[in-house]
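> from the sequence below, what's the structure:
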Amino acid sequence: MERTSAELKRLAREKLTGHWGLAIGATLLMSLIATAVLIPFYVLFLFSGGGTVQFIAYMLAVLFVHVIVMIMQCGITRMLLGFARNQDSELGMLFGEFTRRPDRYILATLMIFGIDLLCVLPGSICWSVGILQGSVLANIIGFVLYLAGTVILIPIVLRFNLTFFLLVDNTRMGALEALRESSRLMDGNKGRMFYLYLTFIGWSLLGMCSCGLGMLWITPYMNQTMINFYLDVTGELDRMEKSESGAEFFE
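Residues are numbered from 1 along each chain as shown. Predicted coordinates for the structure are as follows:
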């Protein structure tokens, strides 16, 4: 049964009841770790006057932090899956994925990044050439190509949006297999997910207006909703409801 966005969000609020502190704490700790790692490199780059070596060091630090945050985010995904399945979850899950073949997450990220790059690279190159040479025609062509690439990219991103949920949920699944399975599951569901993301635009704007503090609540809410979408698409929510209905019947 395909559940509406309102139903998925209501279920997310129910599953987060009693777990908000843990979800917010994990999100905050992940942000603090990323900031703590980046600040020394940023300060070094800032006070060096923008030296090339310092810039390279800063960009390498950004790449390293991105990988670390991505793996920790997968740990939060496992935590939220636990909430959805009424299983025990703990803050230590934030770091648990570093011991569960993290190379799968890194490879999946690189593969998706490569696909994304292919979509926007032609427009980016043409636009850059136009800016450097002062060519109005090249700028226009570059803008059109970039816009077209972005439009093409949206359904591709949606198609692979379940990849990391699958990798977290199936520890033996490889990156390529997860991409294929995500593509299969998202057939006919890309519009639903796109609309689901749109429903959080207002919340996200509200969170940003609060100097980002509101995002500590909004981010777990949105992520838990996406977990419910994943469980809905795979049919697990239906099985869970049947199991709960059966248990109530026997009681």
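
> okay, buried residues for the helix or strand hosting residue 195 please.
Here residue 195, judged by DSSP states H and E, is contained in helix 190-198. For helix 190-198, a neighbour-count test (16 or more other CB atoms under 10 Å) marks 190, 192, 193, 196 as buried. (C-beta placed from N, C-alpha, C; glycine too.)

> these two touch, right, the last one and residue 6?
So the one you mean is residue 196. No - at 10.0 Å, residue 196 does not count as touching residue 6 under the criterion of CB atoms under 8 Å.

> list the contacts of residue 2.
Contacts for residue 2 (CB atoms under 8 Å, 6 or more residues apart in numbering) come out as 192, 232.

> can you classify it as helix, strand or coil?
Here residue 2 is recorded as coil under DSSP: H, G, I helix; E, B strand; the rest coil.

> going forward can the numbers begin at 440, since that is how I track them
Let's use 440 as the start, then, which means that last one is residue 441.

> how near is it to residue 507?
With distances taken as CB to CB, to the nearest Å, residue 441 is found 36 Å from residue 507.

> just to revisit the earlier point, what mean pLDDT would you report for the helix holding residue 634?
For helix 629-637, mean pLDDT is 94.

> ok, residues contacting that helix?
441, 444, 447, 593, 594, 597, 598, 600, 625, 664, 665, 668.

> how about 7 Å then?
By CB atoms under 7 Å, 6 or more residues apart in numbering, the surrounding residues in contact with helix 629-637 are 444, 447, 594, 597, 598, 600, 664, 668.

> if we can go back for a sec, closest one to residue 541 out of the buried residues of helix 629-637, please.
residue 632 (25.5 Å; CB to CB).

> low-confidence ranges in the stretch 540-689 of the chain?
The stretch 540-689 of the chain contains residues with pLDDT under 70 at 683-689.

> hmm, back to that, can you say which two of the buried residues of helix 629-637 are spatially most distant?
629 and 635 (10.6 Å).

> export the buried residues of helix 629-637 to JSON lines and tack on distance to residue 543?
Conversion of those to JSON lines gives the following (distance: CB to CB, whole Å):
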{"residue": "629", "distance to residue 543": "24"}
{"residue": "631", "distance to residue 543": "26"}
{"residue": "632", "distance to residue 543": "22"}
{"residue": "635", "distance to residue 543": "26"}
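
> now do the helices in this structure.
Ranges of helices in the chain, per DSSP state H, are 444-455, 459-486, 491-523, 542-572, 575-598, 602-608, 614-624, 629-637, 640-648, 654-672, 675-689.
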